[in-house]
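J.: this one's structure only:
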């Protein structure tokens, strides 16, 4: 079928990664992550057939890299133009690389009717090596727990997906002067990390199973927040030698401490940071805290109120053909 006039638009949501549960691996699986899909921070792009591979907009070089990988393997006689309307901020801990890779390759697959599943795309683009949260956010949205990496795992499987309460809000704290570990530095850090003490792994798994998940079912923000903060403290201390402390940005750490002083129970850092987050019960309270925090904090920080998303990526196919 002719591709003239056909275009595919993909909108992929950001996510925050809330930590790993088991970096010990004695049971044959490693990592095991938990995370939350975000609304309002997206990678949105449109792909159409072209005479050569081109890309415009933010993160266009990264998009072209993923497009070339997929086309070389599955459609070497094809080329595309990628128009990037918006992109998740890079190296901020929001999953920008995974969402760009999945969005670009999914769009191309739909454009040319290629039979490629999301697992094959993740493997091709080298995403989901340690965590299944980004792939889960793309596919399903919501609050996600993955089962870690076993000996034959391609992408860590989602073992729990739950809707996040619509009224709860997150305050995201951005330090644009820093970037989180990524690329070769990130891989090097994971290689150097010692096995997590089995007692810590056990404590983290128990906290998730017996506090975080039940509190989410019951919409108990206090217990949920306490559980997330506990996970963040233990995981942050485990990574401290490789990111400069429990949190990678001292400014964000100060802001999170301030949030605790205001009575917020759910605080932490997404992935390697530097982006921090604070969980608040509703939008009115979140806006009040942002206004207060902006006055009290260093001007280099940016505070934004964000809602969780209980939906994954959207894929829209359009055609101008008669």
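T.: Arrived safely. Just so we're clear, the structure is a prediction, and the values are computed from it rather than from any experiment.
J.: could you list every residue that touches residue 67?
T.: 47, 53, 55, 80, 82, 104-105, 108 (C-beta atoms under 8 Å, 6 or more residues apart in numbering). Heads up, the C-betas are built off the backbone N, CA and C, glycines and all.
J.: go with 6 Å
T.: Shown in contact with residue 67 (C-beta atoms under 6 Å, 6 or more residues apart in numbering): 53, 80, 104.
J.: which other helices and strands contact the helix or strand hosting the last one?
T.: For residue 104, the enclosing helix or strand under DSSP states H and E is helix 96-111. Packed against helix 96-111, as judged by 3 or more C-beta pairs under 6 Å, 6 or more residues apart in numbering; DSSP states H and E, are the following elements: strand 6-22, strand 31-49, helix 60-74.
J.: quick one: buried residues of the shortest one?
T.: Residues 60, 62-64, 66-67, 69-71, 74 are the ones in helix 60-74 that count as buried (16 or more other C-beta atoms under 10 Å).
J.: Need the contact partners of stretch 221-231.
T.: Residues from elsewhere that reach stretch 221-231 (C-beta under 6 Å, 6+ apart): 19, 204, 207, 211-212, 215-216, 265-267, 279, 281.
J.: Any idea which of the residues you listed the model trusts least?
T.: Sorting the contacts of stretch 221-231 by pLDDT puts residue 265 at the bottom of the list (92).
J.: least trustworthy helix or strand in this protein by mean pLDDT?
T.: None of the helices or strands of the chain scores lower by mean pLDDT, DSSP states H and E than helix 183-192, at a mean of 81.
J.: can you pull out the helices in the protein?
T.: Ranges of helices within the chain are 60-74, 96-111, 118-124, 133-139, 183-192, 198-207, 213-217, 221-243, 250-261, 283-296, based on DSSP state H.
J.: ok now the longest one, how far from the chain's centre?
T.: Okay, so that is helix 221-243. 17 Å (C-alpha atoms, centre = their mean, to the nearest Å).
J.: any idea of the mean pLDDT for it?
T.: Helix 221-243 carries an average pLDDT of 96.
J.: got the buried residues for it?
T.: Buried residues in helix 221-243, counted by 16+ other C-beta under 10 Å: 221, 223-232, 234-236, 238-239, 242-243.
J.: Same check on the fourth one?
T.: When neighbours are counted by 16+ other C-beta under 10 Å, the buried residues of helix 133-139 are found to be 133-138.
J.: The last one now?
T.: Buried positions in helix 283-296, judged by neighbour count with 16+ other C-beta under 10 Å: 286, 289-290, 293.
J.: Save those residues as CSV, and put in pLDDT and distance to residue 10 too.
T.: Below are the buried residues of helix 283-296 laid out as CSV (pLDDT from 0 to 100; distance: C-beta to C-beta, whole Å):
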residue, pLDDT, distance to residue 10
286, 98, 29
289, 97, 33
290, 96, 30
293, 95, 34
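J.: Which single one of the residues you listed is nearest to residue 305?
T.: Within the buried residues of helix 283-296, proximity to residue 305 (C-beta to C-beta) peaks at residue 286, which comes in at 4.5 Å.
J.: Identify the residue spatially nearest to residue 85, adjacent ones excluded.
T.: The shortest distance from residue 85 to any non-neighbouring residue, by C-beta to C-beta, 6 or more residues apart in numbering, is to residue 44 (4.5 Å).
J.: And for the one you found, the neighbour number?
T.: Neighbours of residue 44 under the rule other C-beta atoms under 10 Å: 20.
J.: Check what pLDDT it gets.
T.: Residue 44 is given a pLDDT of 98.
J.: quick one on the thing from earlier: and the buried residues of helix 60-74 as JSON lines, adding pLDDT and distance to residue 147?
T.: What follows is those, written out as JSON lines (pLDDT from 0 to 100; distance: C-beta to C-beta, whole Å):
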{"residue": "60", "pLDDT": "97", "distance to residue 147": "35"}
{"residue": "62", "pLDDT": "96", "distance to residue 147": "28"}
{"residue": "63", "pLDDT": "97", "distance to residue 147": "30"}
{"residue": "64", "pLDDT": "97", "distance to residue 147": "33"}
{"residue": "66", "pLDDT": "98", "distance to residue 147": "26"}
{"residue": "67", "pLDDT": "98", "distance to residue 147": "31"}
{"residue": "69", "pLDDT": "97", "distance to residue 147": "27"}
{"residue": "70", "pLDDT": "98", "distance to residue 147": "27"}
{"residue": "71", "pLDDT": "98", "distance to residue 147": "32"}
{"residue": "74", "pLDDT": "97", "distance to residue 147": "28"}
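J.: residue contacts, residue 33?
T.: With C-beta under 6 Å, 6+ apart, residue 33 has these contacts: 20, 131, 133, 146.
J.: Many thanks, we can stop here.
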